[in-house]
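# Could you work out the structure for the sequence below:
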Amino acid sequence: MTMSMVEKFFSVNYAQKGELFEGLSIWKEEKYQNLQGTFPVISLSFANVKEKSYETTVQRICQIVTELYNDNRFLLDGDLLSEEEKTYFRSISMDMPEVVATMAIHRLSKFLSQYYGKKVIILLDEYDTPMQEAYVNGFWDELEFFTRSMFNAAFKTNPYLECAIMTGITSVNRDAIFPDLNHLEVITTTSEKYAECFGFTEEEVFASLEEYGLSERKEEVKSWYDGFTFGSKTDIYNPWSIINYLDKKKIGVYWFSEDKVQDREDEKDLQDTVKAALQQINAKKYEASLIEKGIPKEKIRTYGFAFQGKQVLIGDRTVIV
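Numbering: from 1, shown residues only. A predicted model of the protein is given here:
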(Lines give C-alpha, C1' and ligand atoms only; values in the text may rest on other atoms or scores of the structure.)
Protein backbone atom coordinates (compact mmCIF):
# COMPACT_ATOMS: atom_id res chain seq x y z
CA MET A 1 0.00 0.00 0.00
CA THR A 2 2.83 2.38 0.86
CA MET A 3 4.67 1.63 -2.37
CA SER A 4 1.50 2.17 -4.40
CA MET A 5 0.91 5.50 -2.66
CA VAL A 6 4.47 6.68 -3.31
CA GLU A 7 4.26 5.65 -6.96
CA LYS A 8 1.00 7.51 -7.48
CA PHE A 9 2.39 10.61 -5.83
CA PHE A 10 5.65 10.86 -7.76
CA SER A 11 5.18 9.00 -11.06
CA VAL A 12 4.73 10.91 -14.32
CA ASN A 13 2.16 8.26 -15.17
CA TYR A 14 -0.09 9.86 -12.54
CA ALA A 15 0.47 13.48 -13.50
CA GLN A 16 -2.62 15.63 -13.02
CA LYS A 17 -3.93 13.16 -10.43
CA GLY A 18 -3.52 15.46 -7.48
CA GLU A 19 -7.09 14.84 -6.41
CA LEU A 20 -5.86 11.54 -4.96
CA PHE A 21 -4.08 13.52 -2.24
CA GLU A 22 -6.48 16.39 -1.68
CA GLY A 23 -7.39 16.73 1.97
CA LEU A 24 -4.21 15.00 3.13
CA SER A 25 -1.40 16.72 5.04
CA ILE A 26 1.03 16.54 2.13
CA TRP A 27 -1.33 18.59 -0.03
CA LYS A 28 -1.30 21.54 2.33
CA GLU A 29 1.98 22.92 1.00
CA GLU A 30 2.47 24.09 -2.56
CA LYS A 31 6.07 22.84 -2.75
CA TYR A 32 4.82 19.30 -2.29
CA GLN A 33 1.93 19.75 -4.69
CA ASN A 34 4.45 20.76 -7.33
CA LEU A 35 6.25 17.41 -6.97
CA GLN A 36 3.20 15.28 -7.69
CA GLY A 37 3.47 13.39 -10.97
CA THR A 38 6.85 14.79 -11.97
CA PHE A 39 9.32 11.86 -11.68
CA PRO A 40 9.97 8.79 -13.79
CA VAL A 41 9.35 5.86 -11.43
CA ILE A 42 10.52 2.26 -11.78
CA SER A 43 8.26 0.11 -9.61
CA LEU A 44 8.68 -3.64 -9.23
CA SER A 45 8.01 -6.37 -6.69
CA PHE A 46 9.76 -9.66 -5.94
CA ALA A 47 6.82 -10.87 -3.83
CA ASN A 48 6.06 -13.77 -6.19
CA VAL A 49 9.66 -14.87 -6.79
CA LYS A 50 9.32 -18.11 -4.83
CA GLU A 51 11.16 -20.61 -6.99
CA LYS A 52 12.95 -23.79 -5.90
CA SER A 53 16.21 -23.40 -7.85
CA TYR A 54 18.72 -20.73 -8.70
CA GLU A 55 18.04 -20.98 -12.44
CA THR A 56 14.28 -20.54 -12.19
CA THR A 57 14.66 -17.72 -9.65
CA VAL A 58 16.89 -15.74 -12.00
CA GLN A 59 14.51 -16.48 -14.86
CA ARG A 60 11.56 -15.20 -12.82
CA ILE A 61 13.44 -11.99 -11.95
CA CYS A 62 14.32 -11.59 -15.62
CA GLN A 63 10.63 -11.95 -16.47
CA ILE A 64 9.74 -9.12 -14.07
CA VAL A 65 12.43 -6.88 -15.55
CA THR A 66 11.26 -7.75 -19.08
CA GLU A 67 7.76 -6.59 -18.18
CA LEU A 68 9.24 -3.26 -17.06
CA TYR A 69 10.95 -2.83 -20.41
CA ASN A 70 7.77 -3.78 -22.26
CA ASP A 71 5.91 -1.07 -20.34
CA ASN A 72 8.46 1.47 -21.57
CA ARG A 73 8.85 0.46 -25.20
CA PHE A 74 8.00 4.00 -26.24
CA LEU A 75 11.67 4.74 -25.49
CA LEU A 76 12.57 2.94 -28.71
CA ASP A 77 10.76 5.57 -30.77
CA GLY A 78 12.80 8.36 -32.30
CA ASP A 79 16.51 9.00 -31.83
CA LEU A 80 16.68 9.27 -28.04
CA LEU A 81 18.57 5.97 -27.77
CA SER A 82 21.62 5.08 -29.80
CA GLU A 83 21.56 1.98 -31.98
CA GLU A 84 23.65 0.15 -29.36
CA GLU A 85 21.18 1.15 -26.66
CA LYS A 86 18.23 0.02 -28.77
CA THR A 87 19.96 -3.31 -29.36
CA TYR A 88 20.46 -3.70 -25.61
CA PHE A 89 16.83 -2.72 -24.97
CA ARG A 90 15.59 -5.40 -27.37
CA SER A 91 17.89 -8.00 -25.80
CA ILE A 92 15.97 -7.85 -22.52
CA SER A 93 14.04 -11.09 -22.21
CA MET A 94 13.12 -13.85 -19.79
CA ASP A 95 16.18 -15.82 -20.95
CA MET A 96 18.71 -12.98 -21.13
CA PRO A 97 22.28 -13.62 -19.89
CA GLU A 98 22.94 -12.72 -16.26
CA VAL A 99 25.47 -10.07 -17.28
CA VAL A 100 22.63 -8.30 -19.12
CA ALA A 101 20.09 -8.84 -16.35
CA THR A 102 22.20 -7.39 -13.56
CA MET A 103 22.54 -4.09 -15.44
CA ALA A 104 18.94 -3.92 -16.68
CA ILE A 105 17.48 -1.66 -13.96
CA HIS A 106 20.53 0.61 -14.10
CA ARG A 107 20.23 1.06 -17.86
CA LEU A 108 16.45 1.55 -17.78
CA SER A 109 17.10 4.30 -15.23
CA LYS A 110 19.42 5.95 -17.73
CA PHE A 111 16.95 5.69 -20.60
CA LEU A 112 14.06 7.12 -18.54
CA SER A 113 16.25 9.89 -17.14
CA GLN A 114 17.28 10.90 -20.65
CA TYR A 115 13.67 10.93 -21.84
CA TYR A 116 12.19 12.93 -18.95
CA GLY A 117 15.22 15.04 -18.07
CA LYS A 118 15.03 13.99 -14.41
CA LYS A 119 16.56 11.29 -12.25
CA VAL A 120 14.40 8.28 -11.48
CA ILE A 121 12.81 6.92 -8.32
CA ILE A 122 13.05 3.13 -7.87
CA LEU A 123 10.52 1.25 -5.73
CA LEU A 124 11.36 -2.38 -4.96
CA ASP A 125 8.84 -4.26 -2.84
CA GLU A 126 9.76 -7.48 -0.96
CA TYR A 127 13.34 -7.38 -2.23
CA ASP A 128 14.32 -10.27 0.06
CA THR A 129 11.67 -12.86 -0.88
CA PRO A 130 14.01 -14.59 -3.40
CA MET A 131 16.75 -14.70 -0.77
CA GLN A 132 14.43 -16.36 1.74
CA GLU A 133 13.64 -19.07 -0.78
CA ALA A 134 17.33 -19.42 -1.63
CA TYR A 135 18.15 -19.93 2.05
CA VAL A 136 15.48 -22.60 2.50
CA ASN A 137 16.28 -24.42 -0.74
CA GLY A 138 20.08 -24.32 -0.63
CA PHE A 139 21.19 -21.89 -3.34
CA TRP A 140 21.93 -18.86 -1.17
CA ASP A 141 25.53 -18.32 -2.33
CA GLU A 142 24.66 -18.28 -6.02
CA LEU A 143 21.72 -15.91 -5.65
CA GLU A 144 23.62 -13.66 -3.24
CA PHE A 145 26.20 -12.92 -5.95
CA PHE A 146 23.54 -12.25 -8.61
CA THR A 147 21.46 -10.05 -6.30
CA ARG A 148 24.46 -8.11 -5.06
CA SER A 149 25.52 -7.35 -8.64
CA MET A 150 22.03 -6.20 -9.64
CA PHE A 151 21.46 -4.07 -6.55
CA ASN A 152 24.93 -2.53 -6.67
CA ALA A 153 24.27 -1.40 -10.24
CA ALA A 154 20.74 -0.18 -9.50
CA PHE A 155 21.27 1.53 -6.15
CA LYS A 156 24.99 2.15 -5.55
CA THR A 157 26.63 3.08 -8.85
CA ASN A 158 23.57 4.59 -10.52
CA PRO A 159 24.05 8.30 -11.36
CA TYR A 160 20.48 8.45 -12.70
CA LEU A 161 18.91 7.59 -9.34
CA GLU A 162 17.07 10.30 -7.37
CA CYS A 163 16.10 8.01 -4.50
CA ALA A 164 14.86 4.48 -3.85
CA ILE A 165 12.65 2.59 -1.41
CA MET A 166 13.16 -1.11 -0.72
CA THR A 167 10.82 -3.05 1.52
CA GLY A 168 11.40 -6.44 3.10
CA ILE A 169 11.62 -8.23 6.42
CA THR A 170 15.41 -8.65 6.27
CA SER A 171 17.84 -5.83 7.00
CA VAL A 172 19.79 -4.81 3.89
CA ASN A 173 23.12 -5.48 5.61
CA ARG A 174 22.18 -8.95 6.89
CA ASP A 175 25.00 -11.47 6.39
CA ALA A 176 26.76 -8.83 4.30
CA ILE A 177 24.36 -9.39 1.40
CA PHE A 178 24.71 -5.78 0.35
CA PRO A 179 27.85 -4.38 2.01
CA ASP A 180 28.28 -1.83 -0.78
CA LEU A 181 24.95 -0.13 -0.14
CA ASN A 182 26.40 1.95 2.68
CA HIS A 183 24.54 5.10 1.66
CA LEU A 184 21.11 3.59 2.26
CA GLU A 185 19.04 4.70 5.22
CA VAL A 186 17.77 1.49 6.78
CA ILE A 187 14.33 2.15 8.27
CA THR A 188 13.22 -0.86 10.30
CA THR A 189 10.39 -1.49 12.70
CA THR A 190 12.72 -0.60 15.56
CA SER A 191 12.67 2.97 14.26
CA GLU A 192 10.66 5.69 15.96
CA LYS A 193 8.71 5.88 12.70
CA TYR A 194 7.03 2.59 13.61
CA ALA A 195 5.23 2.69 16.93
CA GLU A 196 2.60 -0.01 16.52
CA CYS A 197 2.44 -3.39 14.84
CA PHE A 198 0.78 -6.74 14.51
CA GLY A 199 2.43 -10.12 14.16
CA PHE A 200 3.48 -13.26 16.04
CA THR A 201 5.45 -13.09 19.26
CA GLU A 202 8.53 -15.26 19.65
CA GLU A 203 6.68 -17.36 22.21
CA GLU A 204 3.89 -18.02 19.69
CA VAL A 205 6.36 -18.85 16.94
CA PHE A 206 8.29 -21.32 19.10
CA ALA A 207 5.04 -22.94 20.27
CA SER A 208 4.00 -23.39 16.64
CA LEU A 209 7.34 -24.98 15.80
CA GLU A 210 6.86 -27.47 18.64
CA GLU A 211 3.34 -28.25 17.45
CA TYR A 212 4.67 -28.95 13.96
CA GLY A 213 7.45 -31.16 15.33
CA LEU A 214 10.09 -28.62 14.33
CA SER A 215 11.52 -27.71 17.75
CA GLU A 216 15.07 -28.14 16.45
CA ARG A 217 14.43 -25.32 13.97
CA LYS A 218 14.00 -22.58 16.60
CA GLU A 219 17.46 -21.10 16.24
CA GLU A 220 17.25 -21.29 12.44
CA VAL A 221 13.93 -19.43 12.43
CA LYS A 222 15.17 -16.84 14.91
CA SER A 223 18.39 -16.34 12.96
CA TRP A 224 16.61 -15.88 9.64
CA TYR A 225 13.31 -14.19 10.48
CA ASP A 226 14.85 -12.33 13.43
CA GLY A 227 11.84 -10.88 15.24
CA PHE A 228 11.49 -7.11 15.31
CA THR A 229 11.69 -5.39 18.70
CA PHE A 230 9.09 -2.73 19.44
CA GLY A 231 8.62 -0.33 22.31
CA SER A 232 7.35 -3.15 24.50
CA LYS A 233 10.69 -4.96 23.93
CA THR A 234 8.75 -7.89 22.51
CA ASP A 235 10.07 -9.65 19.43
CA ILE A 236 7.42 -9.64 16.70
CA TYR A 237 7.68 -12.03 13.75
CA ASN A 238 6.21 -11.40 10.31
CA PRO A 239 3.07 -13.61 10.08
CA TRP A 240 3.31 -14.23 6.32
CA SER A 241 6.86 -15.56 6.60
CA ILE A 242 6.18 -17.82 9.57
CA ILE A 243 3.04 -19.36 8.03
CA ASN A 244 4.96 -19.96 4.80
CA TYR A 245 7.91 -21.53 6.62
CA LEU A 246 5.75 -23.88 8.70
CA ASP A 247 3.67 -24.98 5.73
CA LYS A 248 6.66 -25.78 3.54
CA LYS A 249 8.69 -27.55 6.21
CA LYS A 250 5.85 -29.68 7.52
CA ILE A 251 3.63 -30.64 4.61
CA GLY A 252 4.99 -28.98 1.50
CA VAL A 253 2.14 -26.50 1.18
CA TYR A 254 2.45 -23.47 -1.10
CA TRP A 255 0.51 -20.29 -0.44
CA PHE A 256 -0.41 -16.91 -1.85
CA SER A 257 -1.76 -13.85 -0.08
CA GLU A 258 -3.48 -10.64 -1.07
CA ASP A 259 -3.49 -7.53 1.15
CA LYS A 260 -6.42 -5.14 1.01
CA VAL A 261 -7.45 -2.02 2.91
CA GLN A 262 -11.18 -1.87 3.63
CA ASP A 263 -13.23 0.11 1.13
CA ARG A 264 -16.00 1.40 3.34
CA GLU A 265 -18.21 2.30 0.38
CA ASP A 266 -18.40 -1.29 -0.90
CA GLU A 267 -17.47 -3.39 2.15
CA LYS A 268 -19.52 -3.37 5.35
CA ASP A 269 -16.84 -4.99 7.49
CA LEU A 270 -13.45 -6.69 7.33
CA GLN A 271 -15.03 -10.03 6.42
CA ASP A 272 -16.20 -8.43 3.17
CA THR A 273 -12.68 -7.10 2.64
CA VAL A 274 -11.18 -10.56 3.14
CA LYS A 275 -13.61 -11.96 0.58
CA ALA A 276 -12.66 -9.19 -1.85
CA ALA A 277 -8.96 -9.99 -1.36
CA LEU A 278 -9.59 -13.68 -2.08
CA GLN A 279 -11.56 -12.75 -5.19
CA GLN A 280 -8.55 -10.75 -6.39
CA ILE A 281 -6.35 -13.83 -5.99
CA ASN A 282 -8.78 -15.84 -8.11
CA ALA A 283 -8.99 -13.10 -10.73
CA LYS A 284 -5.20 -12.85 -11.01
CA LYS A 285 -4.87 -16.66 -11.24
CA TYR A 286 -1.92 -16.82 -8.83
CA GLU A 287 -2.26 -20.60 -8.58
CA ALA A 288 -1.90 -21.26 -12.30
CA SER A 289 1.91 -21.35 -12.32
CA LEU A 290 2.00 -23.94 -9.51
CA ILE A 291 -0.71 -26.11 -11.04
CA GLU A 292 1.22 -26.09 -14.32
CA LYS A 293 4.20 -27.52 -12.41
CA GLY A 294 2.05 -30.43 -11.24
CA ILE A 295 1.49 -29.27 -7.65
CA PRO A 296 -1.88 -30.61 -6.38
CA LYS A 297 -4.54 -28.02 -5.61
CA GLU A 298 -4.90 -29.38 -2.06
CA LYS A 299 -1.32 -28.28 -1.35
CA ILE A 300 -2.01 -24.69 -2.41
CA ARG A 301 -3.46 -22.23 0.08
CA THR A 302 -4.66 -18.69 -0.38
CA TYR A 303 -5.01 -16.05 2.32
CA GLY A 304 -6.72 -12.68 2.33
CA PHE A 305 -5.35 -10.02 4.70
CA ALA A 306 -7.82 -7.21 5.43
CA PHE A 307 -6.80 -3.95 7.11
CA GLN A 308 -8.65 -1.03 8.61
CA GLY A 309 -6.56 1.19 10.85
CA LYS A 310 -5.12 -1.06 13.58
CA GLN A 311 -7.54 -3.90 12.85
CA VAL A 312 -6.39 -6.90 10.84
CA LEU A 313 -8.44 -9.89 9.69
CA ILE A 314 -6.92 -12.95 7.98
CA GLY A 315 -8.97 -15.49 6.08
CA ASP A 316 -8.60 -18.28 3.57
CA ARG A 317 -11.21 -19.87 1.33
CA THR A 318 -12.83 -21.74 4.19
CA VAL A 319 -12.19 -19.84 7.38
CA ILE A 320 -11.67 -16.32 8.67
CA VAL A 321 -9.54 -15.73 11.76
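# Would you agree Cys163 falls within a helix?
No: under DSSP: H, G, I helix; E, B strand; the rest coil, Cys163 falls outside any helix and is assigned strand.
# Can you tell me the closest non-neighbouring residue to it?
For Cys163, ignoring the flanking residues on the chain, the nearest one in space by Cβ to Cβ, 6 or more residues apart in numbering is Ile121 at 5.7 Å. Every C-beta, even on glycine, is put in place using the N, C-alpha and C of the backbone.
# same check, this time on Thr2
That would be Thr167: by Cβ to Cβ, 6+ apart, it lies 7.4 Å from Thr2.
# Can you give me the pLDDT of the one you found?
In this prediction, Thr167 carries a pLDDT score of 87.
# list the contacts for it?
Neighbouring residues of Thr167 by Cβ atoms under 8 Å, 6 or more residues apart in numbering: Thr2, Met3, Leu124, Asp125, Glu126, Tyr127.
# Name the nearest of those residues relative to Lys52.
If you rank the contacts of Thr167 by distance to Lys52 using Cβ to Cβ, Glu126 comes first, at 17.7 Å.
# Quick check: the gap between Met42 and Phe206.
Small correction: residue 42 is Ile, not Met. Separation of Ile42 from Phe206 (Cβ to Cβ, to the nearest Å) stands at 40 Å.
# burial measure for Ala15, as a count.
When neighbours are counted by other Cβ atoms under 10 Å, Ala15 registers 11.
# So what does it look like in phi/psi?
Phi and psi for Ala15, reported as degrees, to the nearest 10, are phi -60, psi 150.
# quick thing: my sequence starts at 7, can you match it?
Understood, numbering begins at 7; the last thing we discussed is Ala21.
# Pull the residues that contact stretch 58-66.
Residues contacting stretch 58-66 (Cβ under 8 Å, 6+ apart): 54-55, 57, 100-101, 104, 107, 136, 139-140, 143, 145, 148-149, 152.
# List the buried residues for that stretch?
Buried residues in stretch 58-66, counted by 16 or more other Cβ atoms under 10 Å: Tyr60, Thr63, Val64, Gln65, Arg66.
# From the residues you listed, which land in helices?
Tyr60, Thr63, Val64, Gln65, Arg66 (DSSP state H).
# what's the distance between the last one and Gly219?
Per Cβ to Cβ, Arg66 is found 31 Å from Gly219.
# low-scoring stretches of the stretch 157-306 of the chain, by residue?
Residues of the stretch 157-306 of the chain meeting the criterion pLDDT under 70: 176-206, 218, 229-271, 292, 295-296, 299, 304-305.
# can you rerun that using 50?
The stretch 157-306 of the chain contains residues with pLDDT under 50 at 179-182, 192-197, 199-203, 236-239, 257.
# thinking again about what came up before, need phi/psi at the residue nearest to Cys169.
The phi/psi pair for Ile127 (degrees, to the nearest 10) is phi -110, psi 130.
# and it, what is it in contact with?
Val12, Phe16, Ser17, Phe45, Pro46, Val47, Ile48, Leu167, Glu168, Cys169, Ala170, Ile171.
# quick revisit: higher neighbour count, Ile48 and Phe212?
Taking other Cβ under 10 Å, Ile48 and Phe212 do not tie; Ile48 has more neighbours (22 against 18).
# Packing partners of the helix or strand where that one lies?
Using DSSP states H and E, the element containing Ile48 is strand 47-51. Packing partners of strand 47-51 (3 or more Cβ pairs under 8 Å, 6 or more residues apart in numbering; DSSP states H and E): helix 8-16, helix 60-77, helix 110-122, strand 126-131.
# And the residue in the chain sticking out farthest from the centre, how far from Ser97?
Ranked by distance from the centre of the chain (Cα atoms, centre = their mean), the top residue is Asp85, with 34.1 Å. Separation of Asp85 from Ser97 (Cβ to Cβ): 19 Å.
# returning to what we had before: please produce TSV containing the helices and strands packed on strand 47-51, extended by mean pLDDT and distance to Lys281.
Formatted as TSV, the helices and strands packed on strand 47-51 follow (pLDDT from 0 to 100; distance: least, Cβ to Cβ, whole Å):
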stretch	mean pLDDT	distance to Lys281
helix 8-16	92	21
helix 60-77	96	29
helix 110-122	97	36
strand 126-131	96	24
